[in-house]
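Engineer: Quick one, what's the 3D model for this:
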Amino acid sequence: MGGAVHAPSGSGETNTAFGLPRRFHVSGNDTSPSVWEEDIPDGAEPPRHIHHAATEIFVVRSGRLLFEADGVQFEADPGDTVTIPPGTVHAFKGLAPEGSVAVIVLTPGAGDAFFRQVESEGLSPETDMPRIVQIASETDLEFAGPPL
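Structural biologist: Sure thing, here's the model as predicted:
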């Protein structure tokens with residue numbers, strides 16, 4: 001297939017770092033994207049953060065998400081695509097009582113490596129933030145403030 005990556009529907013490694021179920025479809029690195037699908041419960045939200053070298057793309061499959069990018073907030077519905085350029089402080093939050101699902105792409109990206117490492121070490125933000133921050137810095141991720 002000439003280097004193509006085919007991830008059949010329903011395939012992919014599962015991960016539950018930070019209590020959010022996700023399915024990795026494509027593993028990324030310094031030159032290729034990370035692609036995963038994430039279940040985002042109502043009210044779930046990461047802290048504000050920055051990807052210094054990667055563009056992050058969200059395709060909302062179901063539910064509704066609140067986004068903030070460089071201080072500007074907006075909502076995204078099913079079918080919407082949100083693109084966050086490198087260096088942008090951003091965060092998102094689930095707004096649907098039934099939960100939301102988004103396909104997330106980091107390109108180039110080691111986003112999957114961050115979640116894999118956090119899960120493999122059994123880390124929790126309540127007790128392990130120094131180690132989580134260290135892993136983040138190794139995968140082009142910097143925490144930049146509290147959740148929305």
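Engineer: How much space separates E121 from I132?
Structural biologist: Look at E121 and I132: by CB to CB, to the nearest Å, they are 9 Å apart. No exception for glycine: its C-beta is placed from N, CA and C like everyone else's.
Engineer: got the buried residues for stretch 75-92?
Structural biologist: 76, 80, 82, 84, 88, 90-92 (16 or more other CB atoms under 10 Å).
Engineer: which among these gets closest to D39?
Structural biologist: Distance to D39, by CB to CB, is smallest for F92 among the buried residues of stretch 75-92, at 13.1 Å.
Engineer: any idea how far that closest one is from F67?
Structural biologist: Distance, F92 to F67, using CB to CB: 5 Å.
Engineer: okay, and the common contacts of those two?
Structural biologist: F58 (CB atoms under 8 Å, 6 or more residues apart in numbering).
Engineer: Which ones among the buried residues of stretch 75-92 lie within helices?
Structural biologist: Counting by DSSP state H, none of the members of these fall within helices.
Engineer: Are we agreed that A7 is in a helix?
Structural biologist: No: counting by DSSP: H, G, I helix; E, B strand; the rest coil, A7 is not part of a helix but coil.
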